[in-house]
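Peer 1: After the sequence you'll find the predicted model.
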Protein chains: 2
Amino acid sequence: MNHQVTLAHRPVALPMESDFALVESPAPEAGEGQFLVRTLYLSLDPYMRGWIRENPGYTAPMPLGAVMPGGVVGVVEDSRHPGFQPGDIVEGMLGWRRYGVTDGAGFRKVDPSLAPISTALGLLGMPGLTAYFGATAIAQTKPGEQVFVSGAAGAVGSVAGQIGKILGCYVAGSAGSDDKVRHVLEDLGFDAAFNYRGREDYPAALREVCPKGIDVYFDNVDGLMTDAAVAHMNLRGRIAVCGQISQYNLKEPELGPRWLFQTIVKRLRIEGFLIPDFAPRIPEALAQMAAWYKEGRFQYRETIADGLENAPAAFIGMLTGRNTGKQLVKVTEL
Amino acid sequence: MNHQVTLAHRPVALPMESDFALVESPAPEAGEGQFLVRTLYLSLDPYMRGWIRENPGYTAPMPLGAVMPGGVVGVVEDSRHPGFQPGDIVEGMLGWRRYGVTDGAGFRKVDPSLAPISTALGLLGMPGLTAYFGATAIAQTKPGEQVFVSGAAGAVGSVAGQIGKILGCYVAGSAGSDDKVRHVLEDLGFDAAFNYRGREDYPAALREVCPKGIDVYFDNVDGLMTDAAVAHMNLRGRIAVCGQISQYNLKEPELGPRWLFQTIVKRLRIEGFLIPDFAPRIPEALAQMAAWYKEGRFQYRETIADGLENAPAAFIGMLTGRNTGKQLVKVTEL
């Protein structure tokens, strides 16, 4: 039997478990040119909150009753596709399901000898690529610069900060618990970090952790943290707008002080980005990330929920910051 | 005798005439390596509102009692500087004064055969360069793109829109009166424009004047207009942040809806800029602008106040949009 998680109700604020339904159905079969994938790990990512909005912006609205979209690492169980064989480990957008068939569009093979296969959804997958292209192509980070990463213990932020260190920068970050701050400092090698839940005065916190200002702000959160970061930017600073998790569960847009004038005063460049825009450069980027991984330059952590039926709770937990590092769901065993 | 305008009180909102003082003193004399300039035209620019703030951002705060800074076109009356002769027409930051001495730093000679000398403060001066570098280096405007200019009848916006037309774009704008809208459409050759004081529903107005969305937004105003423009941007749009005149006279920062997420959805790039950053490229830019002027590609308008004593009222008028095109003060006759 197949298990799939569908969208039962459209959440207006923070999603609830009852917004999702676990549906049983017969397992699908691969047609001509298709292959059947059994999910090993499902990736839970903040962008999914956007996809289930009434007006998500960068994709069509998802109808009620549809299976939740999401990247998985899985194993090919059956194939009528010349490029994929049973036993291949693959990564692609299969959705929140135990079994799925695909014609292979957007799927890639994962090399299990390179790193644990779950990293194809994290460090060596979309979050890692987001950190890589954000730090390099978007922010054009240079050695010796001052980097600040909000959401520093998250799947993207944790990699963005480590890439900043690899590039020879001073790197500071914010995270949502004392444990995460310890992780960021001790495991990930950030130079400084603070717990944003522990203090309200972000401008003062930023002066402490970034005493030389901020040249590159890797923004995963928006809100008051971004207000404070903008005010603390150095001349010709760059802001890579990667995520805005503080805003995703609001019913109405939050009001904040207008600060666009600061972009003139400081000649700031602000740029939003999505990884599909970098498609032609992804193989090169993954090769670089894998090389750094082999050299021992990366630490990473995963928060793994067990069983597809626990995916909704884990997703809600991730939106409220209960994960450290990459949030995954282990769906079946290899 | 010399006349100078000084800052008497620091305005907290819209400046009043009583915030300025007209001071008489003996005319200065040129020392060794200096020359004496008699002001013909004084330039009034929105950036001056920033300079007289308590915390202006990109320059040191101006002390009370100091002469107001400002660009002028003047004539050299006496010179002990090898590079400048009596009778030379020059442009530079002399300040709001009838006479001033300078060592020539930041001054340039103006060629009266090129265009009326007052244009050295407008079309062929800082506002024109702001439009030029904003449209080219910052926004990287390409032929066939959809350009929207707020403050379209102002000194910068009027040129930015015409450069958009020269570059082969569709150009629309907003301005603050029906007369300005007529000017923008009939004289400056914009494809569409609307009076932002006449209607509140900026999103609907933008859908009308930019039916194909906005690829390049030249922002002179911020506020609700920028909120609406951001929402109407096309994929990979660029926002050149040039001025924020709607915000300059506020006691407290205005609150607005957070929209940074739109930069991800649409992969927007937002960049603020100031002309001194482009110093090495200014001669090349002025040559291009002068060539376009000679070809009859530019229309421009000036609003000219008469007499230095009327500069404060004219400055306040400009901040509230009473000017069309470049706001000048005629200080003395050539």
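Peer 2: Perfect, thanks for sending it. Note that the structure is a prediction, hence the values are computed from the model and not measured. Numbering: from 1, shown residues only, chains lettered A, B, ... in the order given.

Peer 1: Mean pLDDT per element in chain A, and the minimum belongs to which helix or strand?
Peer 2: When each helix and strand of chain A is scored by mean pLDDT, DSSP states H and E, helix A:47-51 comes last, with a mean of 89.

Peer 1: Output the below-cut-off pLDDT ranges for the stretch 101-250 of chain A.
Peer 2: By pLDDT under 70, the stretch 101-250 of chain A has no low-scoring segment.

Peer 1: Okay, helices next: where are they in it?
Peer 2: Taking DSSP state H, counting those that start in this stretch to define them, one finds helices in the stretch 101-250 of chain A at A:126-133, A:155-166, A:178-182, A:202-209, A:224-231.

Peer 1: ok and the strand or helix carrying residue A:39 relative to helix A:155-166, angle-wise?
Peer 2: Counting by DSSP states H and E, the element that carries residue A:39 is strand A:35-43. Orientation check (axes from the mean of the first three to the mean of the last three Cα atoms, to 10 degrees): strand A:35-43 against helix A:155-166 gives 70 degrees.

Peer 1: Could you name the helices and strands sitting against strand A:35-43?
Peer 2: strand A:72-79, strand A:89-92, strand A:99-102, strand A:326-330 (3 or more Cβ pairs under 8 Å, 6 or more residues apart in numbering or on different chains; DSSP states H and E). Quick note: C-beta positions are derived from backbone N, CA and C, even for glycine.

Peer 1: how is chain A carved up into domains?
Peer 2: Segmentation of chain A into domains, based on automatic domain parsing, reads A:2-121+A:300-330, A:126-276.

Peer 1: most neighbours per residue, which of the ones you listed?
Peer 2: Mean neighbour count (mean count of other Cβ atoms under 10 Å in any protein chain shown) peaks for domain A:126-276 among the domains of chain A, with a mean of 21.

Peer 1: is chain B contacted by it?
Peer 2: Yes. Using Cβ under 8 Å from any Cβ of the partner chain, domain A:126-276 reaches chain B at A:219, A:222-223, A:226, A:241-244, A:247, A:253-274.

Peer 1: got the contact list for the most centrally placed residue in chain A?
Peer 2: Compute the mean C-alpha point of chain A, and by Cα atoms, centre = their mean the closest residue is residue A:127, 4.2 Å away. By Cβ atoms under 8 Å, 6 or more residues apart in numbering or on different chains, the contact list for residue A:127 reads A:45, A:121, A:154-156, A:159, A:326.

Peer 1: Can you tell me how far it is from chain B?
Peer 2: Distance from residue A:127 to chain B, counting by Cβ to the nearest Cβ, to the nearest Å: 14 Å.

Peer 1: Next: residue A:3.
Peer 2: 32 Å.

Peer 1: looking only at pLDDT, what's the mean for the helix or strand that contains that residue?
Peer 2: Per DSSP H and E, residue A:3 falls inside strand A:2-7. The pLDDT scores in strand A:2-7 average 97.

Peer 1: and for that strand, what are the contacting residues?
Peer 2: Residues from elsewhere that reach strand A:2-7 (Cβ under 8 Å, 6+ apart): A:19-28, A:52, A:62-68, A:95-99, A:308-309, A:311-312.

Peer 1: and it with strand A:35-43, angle?
Peer 2: Using the same axes, to 10 degrees: strand A:2-7 against strand A:35-43 is 50 degrees.

Peer 1: can you list contacts of stretch A:224-236?
Peer 2: The contact list for stretch A:224-236 (Cβ under 8 Å, 6+ apart) reads A:146, A:148, A:150, A:174, A:196, A:202-203, A:205-207, A:210, A:212-215, A:217, A:219, A:239, A:246, A:256-257, A:259, A:262, A:266-269, B:260.

Peer 1: May I have that stretch as CSV, with CA atoms only?
Peer 2: C-alpha atoms of stretch A:224-236 as CSV (Å, rounded to 0.1, in the frame of the first residue of the first chain):
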residue,chain,number,x,y,z
LEU,A,224,13.0,42.9,13.2
MET,A,225,16.2,41.0,12.6
THR,A,226,16.5,42.4,9.1
ASP,A,227,15.6,45.9,10.2
ALA,A,228,18.5,45.7,12.6
ALA,A,229,20.9,44.2,10.1
VAL,A,230,20.1,46.8,7.5
ALA,A,231,20.9,49.5,10.0
HIS,A,232,24.2,47.8,10.8
MET,A,233,25.3,47.2,7.2
ASN,A,234,28.6,48.6,6.0
LEU,A,235,29.1,50.7,2.9
ARG,A,236,28.4,48.7,-0.3
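
Peer 1: Now do that stretch: distance to the chain's middle.
Peer 2: 22 Å (Cα atoms, centre = their mean, to the nearest Å).

Peer 1: go on, stretch A:35-52?
Peer 2: 12 Å.

Peer 1: okay, how far is it across that stretch, tip to tip?
Peer 2: 27 Å (Cα to Cα, to the nearest Å).

Peer 1: Just give me how far stretch A:199-217 sits from the chain centre.
Peer 2: For stretch A:199-217, the distance to the chain centre is 23 Å (Cα atoms, centre = their mean).

Peer 1: Between the two ends of that stretch, how far is it?
Peer 2: Start-to-end span of stretch A:199-217 (Cα to Cα) is 20 Å.

Peer 1: can you list contacts of that stretch?
Peer 2: Contacts of stretch A:199-217 (Cβ under 8 Å, 6+ apart): A:135, A:139, A:141-142, A:145-148, A:150, A:164, A:169-170, A:172-174, A:192-194, A:196, A:224-234, A:236-240.
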